[in-house]
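Asker: compute the structure for the input listed below.
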Amino acid sequence: AKRQANLIEARRLLSLGRRKEAEDKYKLCVKGTEMMARVVCGAVQRKWGKHGPVKCVFAPYEADSQLAKLCVDGLAHAVVTEDSDVLVYSAVCR
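Answerer: From the prediction side, this is the model:
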């Protein structure tokens, strides 16, 4: 229901020429799926796997703070997420 409401609002804003606001609403309509995550993981493994093993970890719920901690501790080199919460937790690559 929430995604549908955001889609309707995004289309309304776009029809009014309020492109930036519409883009923000369109972003709220997107939901990452397990298949999408596996496609991204496969692409990461193809691109960087030749330099050593690449392990993809999937977290079904909010795991941004834990993922950021793995990066900060040097146990992960990257985080891919459907939102930007990891920035709040300082997930930086070193």
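Asker: ok, and the closest non-adjacent residue to L14?
Answerer: A22 (4.0 Å; C-beta to C-beta, 6 or more residues apart in numbering). To be clear about C-beta, it is placed using only N, CA and C from the backbone, and glycine gets the same treatment.
Asker: before we move on, what SS does that neighbour have?
Answerer: helix (DSSP: H, G, I helix; E, B strand; the rest coil).
Asker: wait, isn't it in contact with N6?
Answerer: No - taking contacts as C-beta atoms under 8 Å, A22 lies outside contact range of N6: 10.2 Å.
Asker: how many neighbours does K55 have?
Answerer: 9 (other C-beta atoms under 10 Å).
Asker: go on, A68?
Answerer: 21.
Asker: three-state assignment of it?
Answerer: Once three-state DSSP is applied, A68 turns out helix.
Asker: next one: Y61 relative to L67, how far apart?
Answerer: 12 Å (C-beta to C-beta, to the nearest Å).
Asker: pick out whichever of the two has more residues nearby.
Answerer: Legend: neighbour count by other C-beta under 10 Å for Y61 and L67, higher for L67 (21 against 4).
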